[in-house]
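Enquirer: The following comprises the amino acid sequence and a computationally predicted model.
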Amino acid sequence: MAARSTARAGLAQPSATPPERTRRGPDPAPGAAPAHGHLWTLPDGTPAHVPPGRLTVGDDGRLACHLCGRWFAHLGGHLRRHGWTAAQYRDAVGLPLHVPLCSESLSGQIKVRQKRAWDASPAARARFEPGRQLARSGELSRLAADASQDRDRSGRTPGAVRAARAQRLAAGRATTARRRQARLDGVVAAAGAADLAALLRARYASGSSLAELARLTGLGRIRLRAELVAAGTGIRPAGANHLASKQARAARNDARAAAQAGVPDIRAWLRSRYQQGATLRDLAGQVGHSVPWVRSRLADPSPAAAGRLRR
(Lines give C-alpha, C1' and ligand atoms only; values in the text may rest on other atoms or scores of the structure.)
Protein backbone atom coordinates (compact mmCIF):
# COMPACT_ATOMS: atom_id res chain seq x y z
CA MET A 1 0.00 0.00 0.00
CA ALA A 2 1.33 3.34 -0.98
CA ALA A 3 2.16 5.45 2.01
CA ARG A 4 2.76 9.11 2.66
CA SER A 5 5.43 9.91 5.25
CA THR A 6 4.55 12.87 7.37
CA ALA A 7 5.90 14.22 10.66
CA ARG A 8 3.58 14.33 13.63
CA ALA A 9 3.43 17.39 15.89
CA GLY A 10 6.42 17.77 18.19
CA LEU A 11 8.94 15.81 16.11
CA ALA A 12 12.15 17.38 14.92
CA GLN A 13 11.08 17.36 11.27
CA PRO A 14 10.73 20.45 9.02
CA SER A 15 7.10 21.09 8.18
CA ALA A 16 8.04 21.91 4.58
CA THR A 17 9.48 18.45 3.92
CA PRO A 18 7.65 17.02 0.88
CA PRO A 19 5.83 13.68 1.23
CA GLU A 20 7.85 10.62 0.37
CA ARG A 21 6.97 7.06 -0.54
CA THR A 22 7.79 4.37 2.01
CA ARG A 23 9.49 1.38 0.40
CA ARG A 24 9.09 -2.11 1.82
CA GLY A 25 12.64 -3.18 0.97
CA PRO A 26 15.22 -3.24 -1.83
CA ASP A 27 14.40 -5.02 -5.07
CA PRO A 28 16.21 -8.36 -5.45
CA ALA A 29 18.97 -8.63 -8.01
CA PRO A 30 18.04 -10.27 -11.35
CA GLY A 31 18.10 -14.03 -10.97
CA ALA A 32 18.45 -13.91 -7.20
CA ALA A 33 16.01 -15.63 -4.87
CA PRO A 34 13.41 -13.23 -3.48
CA ALA A 35 14.33 -12.08 0.01
CA HIS A 36 12.92 -9.54 2.42
CA GLY A 37 15.15 -6.58 3.17
CA HIS A 38 15.00 -3.61 5.52
CA LEU A 39 16.08 -0.13 4.54
CA TRP A 40 16.35 1.16 8.10
CA THR A 41 17.76 0.05 11.43
CA LEU A 42 16.81 1.22 14.91
CA PRO A 43 19.56 2.47 17.25
CA ASP A 44 19.59 -0.87 19.09
CA GLY A 45 20.11 -2.78 15.83
CA THR A 46 16.50 -3.90 15.32
CA PRO A 47 15.56 -3.92 11.60
CA ALA A 48 12.87 -1.35 10.79
CA HIS A 49 10.30 -1.24 8.00
CA VAL A 50 9.83 2.54 8.12
CA PRO A 51 12.18 5.41 9.02
CA PRO A 52 12.92 5.72 12.76
CA GLY A 53 12.48 8.98 14.61
CA ARG A 54 9.03 9.71 13.24
CA LEU A 55 5.66 8.14 12.49
CA THR A 56 4.76 7.10 8.95
CA VAL A 57 1.14 7.88 8.08
CA GLY A 58 -0.68 6.21 5.21
CA ASP A 59 -3.18 7.75 2.83
CA ASP A 60 -6.02 6.40 4.99
CA GLY A 61 -4.54 7.95 8.16
CA ARG A 62 -3.29 4.72 9.70
CA LEU A 63 0.22 4.41 11.16
CA ALA A 64 2.93 1.99 10.06
CA CYS A 65 4.56 -0.19 12.70
CA HIS A 66 8.35 0.13 12.60
CA LEU A 67 8.74 -3.51 13.66
CA CYS A 68 6.57 -5.30 11.08
CA GLY A 69 5.47 -2.66 8.56
CA ARG A 70 1.75 -3.30 9.02
CA TRP A 71 -0.75 -0.44 9.34
CA PHE A 72 -2.93 0.29 12.36
CA ALA A 73 -5.20 3.04 13.65
CA HIS A 74 -3.75 2.44 17.13
CA LEU A 75 -0.20 1.13 17.56
CA GLY A 76 -0.46 0.83 21.35
CA GLY A 77 -2.61 -2.30 21.30
CA HIS A 78 -0.70 -3.85 18.41
CA LEU A 79 2.67 -3.63 20.17
CA ARG A 80 1.64 -6.39 22.59
CA ARG A 81 1.91 -8.84 19.70
CA HIS A 82 5.62 -7.97 19.50
CA GLY A 83 6.03 -8.26 23.28
CA TRP A 84 6.84 -4.53 23.52
CA THR A 85 5.37 -1.83 25.72
CA ALA A 86 4.57 1.62 24.35
CA ALA A 87 7.45 3.07 26.39
CA GLN A 88 9.91 0.54 24.96
CA TYR A 89 8.68 1.28 21.44
CA ARG A 90 9.05 5.02 21.89
CA ASP A 91 12.59 4.62 23.24
CA ALA A 92 13.59 2.27 20.42
CA VAL A 93 12.23 4.30 17.51
CA GLY A 94 12.96 7.73 19.00
CA LEU A 95 9.47 9.11 19.59
CA PRO A 96 8.79 11.67 22.36
CA LEU A 97 6.12 11.05 24.96
CA HIS A 98 3.74 13.73 23.68
CA VAL A 99 3.37 12.12 20.22
CA PRO A 100 0.25 9.87 20.24
CA LEU A 101 0.55 6.32 18.90
CA CYS A 102 -2.83 6.51 17.21
CA SER A 103 -4.16 8.02 14.00
CA GLU A 104 -5.31 11.63 13.90
CA SER A 105 -8.91 10.56 13.25
CA LEU A 106 -8.93 8.23 16.26
CA SER A 107 -7.19 10.88 18.38
CA GLY A 108 -9.87 13.36 17.34
CA GLN A 109 -12.65 10.94 18.26
CA ILE A 110 -11.11 10.40 21.69
CA LYS A 111 -10.76 14.15 22.16
CA VAL A 112 -14.42 14.75 21.29
CA ARG A 113 -15.58 11.94 23.58
CA GLN A 114 -13.51 13.24 26.48
CA LYS A 115 -14.70 16.81 25.88
CA ARG A 116 -18.33 15.69 26.05
CA ALA A 117 -17.68 13.79 29.26
CA TRP A 118 -15.90 16.82 30.71
CA ASP A 119 -18.73 19.19 29.83
CA ALA A 120 -21.33 16.80 31.26
CA SER A 121 -19.58 16.28 34.62
CA PRO A 122 -19.27 19.24 37.04
CA ALA A 123 -17.69 16.85 39.56
CA ALA A 124 -14.86 16.01 37.15
CA ARG A 125 -14.20 19.69 36.44
CA ALA A 126 -14.07 20.46 40.17
CA ARG A 127 -11.73 17.54 40.80
CA PHE A 128 -9.22 18.66 38.16
CA GLU A 129 -9.45 22.40 38.85
CA PRO A 130 -6.48 22.48 41.32
CA GLY A 131 -4.28 20.88 38.69
CA ARG A 132 -5.46 23.33 36.03
CA GLN A 133 -4.53 26.21 38.30
CA LEU A 134 -1.05 24.72 38.87
CA ALA A 135 -0.56 24.31 35.11
CA ARG A 136 -1.61 27.90 34.36
CA SER A 137 0.77 29.30 36.97
CA GLY A 138 3.73 27.17 35.86
CA GLU A 139 3.95 25.51 39.27
CA LEU A 140 3.14 22.11 37.76
CA SER A 141 6.25 22.22 35.56
CA ARG A 142 8.42 23.12 38.55
CA LEU A 143 6.97 20.29 40.61
CA ALA A 144 7.59 17.84 37.74
CA ALA A 145 11.22 18.98 37.48
CA ASP A 146 11.70 18.52 41.22
CA ALA A 147 10.07 15.08 41.11
CA SER A 148 12.48 13.93 38.42
CA GLN A 149 15.31 14.44 40.93
CA ASP A 150 13.54 12.78 43.82
CA ARG A 151 14.18 9.24 44.93
CA ASP A 152 11.77 6.76 46.41
CA ARG A 153 12.15 5.22 49.87
CA SER A 154 14.62 2.64 48.58
CA GLY A 155 16.79 5.34 47.01
CA ARG A 156 15.79 4.64 43.41
CA THR A 157 15.17 7.35 40.83
CA PRO A 158 11.92 7.36 38.79
CA GLY A 159 13.84 5.89 35.86
CA ALA A 160 15.05 3.01 38.01
CA VAL A 161 11.50 2.43 39.25
CA ARG A 162 10.23 2.23 35.67
CA ALA A 163 13.04 -0.14 34.72
CA ALA A 164 12.22 -2.43 37.65
CA ARG A 165 8.57 -2.38 36.67
CA ALA A 166 9.48 -3.31 33.08
CA GLN A 167 11.61 -6.19 34.36
CA ARG A 168 8.71 -7.52 36.42
CA LEU A 169 6.44 -7.25 33.40
CA ALA A 170 8.94 -9.15 31.24
CA ALA A 171 9.31 -11.84 33.92
CA GLY A 172 5.53 -12.24 34.09
CA ARG A 173 5.28 -12.61 30.33
CA ALA A 174 8.07 -15.21 30.37
CA THR A 175 6.19 -17.18 33.03
CA THR A 176 3.01 -17.06 30.96
CA ALA A 177 4.93 -18.23 27.88
CA ARG A 178 6.38 -21.19 29.81
CA ARG A 179 2.92 -22.20 31.03
CA ARG A 180 1.51 -22.02 27.52
CA GLN A 181 4.39 -24.10 26.19
CA ALA A 182 3.89 -26.70 28.94
CA ARG A 183 0.19 -26.94 28.05
CA LEU A 184 1.07 -27.27 24.36
CA ASP A 185 3.59 -30.03 25.11
CA GLY A 186 0.87 -31.85 27.05
CA VAL A 187 -1.54 -31.63 24.10
CA VAL A 188 1.11 -33.00 21.72
CA ALA A 189 1.96 -35.86 24.09
CA ALA A 190 -1.72 -36.74 24.63
CA ALA A 191 -2.24 -36.94 20.87
CA GLY A 192 0.71 -39.33 20.54
CA ALA A 193 2.51 -37.08 18.06
CA ALA A 194 6.26 -36.73 17.83
CA ASP A 195 6.10 -32.94 17.94
CA LEU A 196 3.81 -30.01 17.24
CA ALA A 197 4.61 -30.02 13.51
CA ALA A 198 3.60 -33.68 13.17
CA LEU A 199 0.37 -33.07 15.09
CA LEU A 200 -0.59 -30.09 12.93
CA ARG A 201 0.24 -31.88 9.68
CA ALA A 202 -1.84 -34.93 10.59
CA ARG A 203 -4.86 -33.02 11.89
CA TYR A 204 -4.89 -30.46 9.07
CA ALA A 205 -4.54 -33.16 6.40
CA SER A 206 -7.47 -35.06 7.96
CA GLY A 207 -9.71 -32.01 7.53
CA SER A 208 -9.42 -30.08 10.79
CA SER A 209 -10.00 -26.37 10.34
CA LEU A 210 -7.81 -23.58 11.68
CA ALA A 211 -10.46 -22.84 14.32
CA GLU A 212 -10.40 -26.45 15.50
CA LEU A 213 -6.61 -26.52 15.65
CA ALA A 214 -6.61 -23.24 17.55
CA ARG A 215 -9.00 -24.66 20.15
CA LEU A 216 -6.92 -27.84 20.42
CA THR A 217 -3.52 -26.18 20.79
CA GLY A 218 -4.45 -22.85 22.34
CA LEU A 219 -2.41 -21.05 19.69
CA GLY A 220 -3.50 -17.76 18.16
CA ARG A 221 -4.34 -17.66 14.46
CA ILE A 222 -1.14 -15.82 13.49
CA ARG A 223 1.21 -18.25 15.25
CA LEU A 224 -0.88 -21.24 14.14
CA ARG A 225 -0.52 -20.26 10.50
CA ALA A 226 3.21 -19.73 10.99
CA GLU A 227 3.56 -23.18 12.63
CA LEU A 228 1.66 -24.83 9.77
CA VAL A 229 3.90 -23.19 7.19
CA ALA A 230 6.99 -24.18 9.17
CA ALA A 231 5.65 -27.76 9.26
CA GLY A 232 5.53 -27.79 5.47
CA THR A 233 1.73 -27.59 5.26
CA GLY A 234 0.15 -25.15 2.84
CA ILE A 235 -2.82 -23.16 4.12
CA ARG A 236 -6.04 -23.92 2.28
CA PRO A 237 -7.57 -20.79 0.72
CA ALA A 238 -10.70 -19.38 2.29
CA GLY A 239 -13.78 -21.30 1.19
CA ALA A 240 -11.84 -24.41 0.14
CA ASN A 241 -13.27 -26.85 2.67
CA HIS A 242 -11.78 -30.31 2.97
CA LEU A 243 -14.26 -33.20 2.47
CA ALA A 244 -13.32 -34.74 5.82
CA SER A 245 -13.84 -31.35 7.46
CA LYS A 246 -17.31 -31.04 5.94
CA GLN A 247 -18.21 -34.53 7.13
CA ALA A 248 -16.91 -33.80 10.64
CA ARG A 249 -18.96 -30.59 10.86
CA ALA A 250 -22.06 -32.44 9.64
CA ALA A 251 -21.54 -35.12 12.30
CA ARG A 252 -21.18 -32.48 15.02
CA ASN A 253 -24.35 -30.71 13.85
CA ASP A 254 -26.24 -34.02 13.92
CA ALA A 255 -24.98 -34.75 17.44
CA ARG A 256 -26.06 -31.31 18.72
CA ALA A 257 -29.49 -31.66 17.11
CA ALA A 258 -29.91 -35.14 18.60
CA ALA A 259 -28.99 -33.84 22.04
CA GLN A 260 -31.53 -31.02 21.74
CA ALA A 261 -34.26 -33.43 20.67
CA GLY A 262 -33.22 -35.98 23.33
CA VAL A 263 -32.80 -38.87 20.85
CA PRO A 264 -29.81 -41.05 19.90
CA ASP A 265 -30.24 -40.84 16.10
CA ILE A 266 -31.46 -37.51 14.71
CA ARG A 267 -31.97 -38.77 11.17
CA ALA A 268 -34.12 -41.71 12.22
CA TRP A 269 -36.08 -39.43 14.56
CA LEU A 270 -36.71 -36.91 11.79
CA ARG A 271 -37.96 -39.64 9.43
CA SER A 272 -40.28 -41.01 12.11
CA ARG A 273 -41.72 -37.61 13.03
CA TYR A 274 -42.18 -36.67 9.36
CA GLN A 275 -44.04 -39.89 8.65
CA GLN A 276 -46.30 -39.09 11.60
CA GLY A 277 -47.33 -35.85 9.90
CA ALA A 278 -44.91 -33.22 11.24
CA THR A 279 -43.98 -30.48 8.76
CA LEU A 280 -40.47 -29.36 7.88
CA ARG A 281 -41.01 -26.09 9.76
CA ASP A 282 -42.14 -27.97 12.87
CA LEU A 283 -39.07 -30.22 12.78
CA ALA A 284 -36.73 -27.31 12.12
CA GLY A 285 -38.05 -25.47 15.17
CA GLN A 286 -37.65 -28.53 17.39
CA VAL A 287 -34.00 -29.18 16.47
CA GLY A 288 -32.94 -25.53 16.10
CA HIS A 289 -31.96 -25.75 12.42
CA SER A 290 -33.26 -24.46 9.12
CA VAL A 291 -35.80 -26.12 6.84
CA PRO A 292 -33.10 -26.95 4.22
CA TRP A 293 -31.04 -28.62 6.96
CA VAL A 294 -33.98 -30.82 7.97
CA ARG A 295 -34.72 -31.58 4.31
CA SER A 296 -31.14 -32.77 3.80
CA ARG A 297 -31.39 -35.17 6.75
CA LEU A 298 -34.56 -36.92 5.60
CA ALA A 299 -34.45 -40.40 4.09
CA ASP A 300 -34.64 -39.73 0.35
CA PRO A 301 -32.36 -36.83 -0.71
CA SER A 302 -33.25 -37.03 -4.45
CA PRO A 303 -34.50 -33.77 -6.05
CA ALA A 304 -37.77 -35.39 -7.07
CA ALA A 305 -38.51 -36.59 -3.55
CA ALA A 306 -37.35 -33.28 -2.02
CA GLY A 307 -39.87 -31.44 -4.17
CA ARG A 308 -42.67 -33.50 -2.67
CA LEU A 309 -41.79 -32.80 0.96
CA ARG A 310 -44.36 -30.91 3.01
CA ARG A 311 -43.20 -27.57 4.36
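Expert: Cool, the structure landed. Residues are numbered from 1 along each chain as shown.
Enquirer: quick one: buried residues of the longest helix anywhere in the chain?
Expert: Scanning the chain for the helix with the most residues, using DSSP state H, yields helix 158-190. Neighbour-count burial for helix 158-190 flags L184, V188 (criterion: 16 or more other C-beta atoms under 10 Å). C-beta: built from backbone N, CA, C; applies to glycine.
Enquirer: name the helices or strands packed onto it?
Expert: Helix 158-190 makes packing contacts with helix 86-93, helix 196-205, helix 210-217 when contacts are defined by 3 or more C-beta pairs under 8 Å, 6 or more residues apart in numbering; DSSP states H and E.
Enquirer: Give the other helices and strands that the longest one contacts.
Expert: Counting by 3+ C-beta pairs under 8 Å, 6+ apart, the packing neighbours recorded for helix 196-205 are helix 158-190, helix 210-217, helix 221-230.
Enquirer: hang on, the earlier thing: just the angle between the longest helix of the chain and helix 86-93, please?
Expert: Using axes from the mean of the first three to the mean of the last three C-alpha atoms, to 10 degrees, one finds that helix 158-190 and helix 86-93 are set 100 degrees apart in direction.
Enquirer: Now do helix 158-190 and helix 210-217, the angle between them.
Expert: Note on geometry: by the same axes, to 10 degrees, helix 158-190 and helix 210-217 are set 100 degrees apart in direction.
Enquirer: circling back to that earlier point, TSV for the helices and strands packed on helix 158-190, including mean neighbour count, distance to A258 and mean pLDDT?
Expert: Converted to TSV, the helices and strands packed on helix 158-190 look like this (neighbours: other C-beta atoms under 10 Å; distance: least, C-beta to C-beta, whole Å; pLDDT from 0 to 100):
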stretch	mean neighbour count	distance to A258	mean pLDDT
helix 86-93	17	51	87
helix 196-205	18	25	88
helix 210-217	16	21	86
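Enquirer: Is it possible to get a markdown table of the ones you listed that adds distance to R116?
Expert: Formatted as a markdown table, the entries for the helices and strands packed on helix 158-190 read as follows, by distance: least, C-beta to C-beta, whole Å:
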| stretch | distance to R116 |
| --- | --- |
| helix 86-93 | 25 |
| helix 196-205 | 49 |
| helix 210-217 | 39 |
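Enquirer: Tell me which of those helices lies nearest to G77.
Expert: Of all the helices and strands packed on helix 158-190, it is helix 86-93 that lies closest to G77, at 9.6 Å by C-beta to C-beta.
Enquirer: rewinding a little: quick one: closest of the helices and strands packed on helix 196-205 to Q133.
Expert: For the helices and strands packed on helix 196-205, proximity to Q133 was assessed by C-beta to C-beta; helix 158-190 is nearest, at 24.3 Å.
Enquirer: So for the closest one, mean pLDDT?
Expert: When pLDDT is averaged over helix 158-190, the result is 85.
Enquirer: picking that back up, wait, which of the helices and strands packed on helix 196-205 is closest to R62?
Expert: Minimum separation from R62 across the helices and strands packed on helix 196-205 (C-beta to C-beta) falls at helix 221-230, 18.6 Å.
Enquirer: Mean confidence (pLDDT) on the one helix or strand V57 maps to, please.
Expert: When elements are defined using DSSP states H and E, V57 is found to belong to strand 56-58. Computed over strand 56-58, the mean pLDDT rounds to 89.
Enquirer: now swap in stretch 106-124 and tell me
Expert: Along stretch 106-124, the predicted local confidence has a mean pLDDT of 88.
Enquirer: which of the residues in that stretch are buried?
Expert: Of the residues in stretch 106-124, those scored as buried under the neighbour-count criterion (16+ other C-beta under 10 Å) are L106, S107.
Enquirer: what does it rub up against?
Expert: Where contact means C-beta atoms under 8 Å, 6 or more residues apart in numbering, the residues beyond stretch 106-124 that reach it are A73, H74, P100, C102, R125.
Enquirer: contacting residues around the second one?
Expert: By that I understand H74. Remark: with contacts taken as C-beta under 8 Å, 6+ apart, H74 is in contact with L101, C102, S103, L106.
Enquirer: show me the contacts for the residue nearest to the first one when sequence neighbours are not counted.
Expert: When you say that, I think you mean L101. Residue nearest to L101 in three dimensions, not counting chain neighbours: L75, with 4.2 Å by C-beta to C-beta, 6 or more residues apart in numbering. Listed by C-beta under 8 Å, 6+ apart, the contact partners of L75 are L63, C65, A86, Y89, L101, C102.
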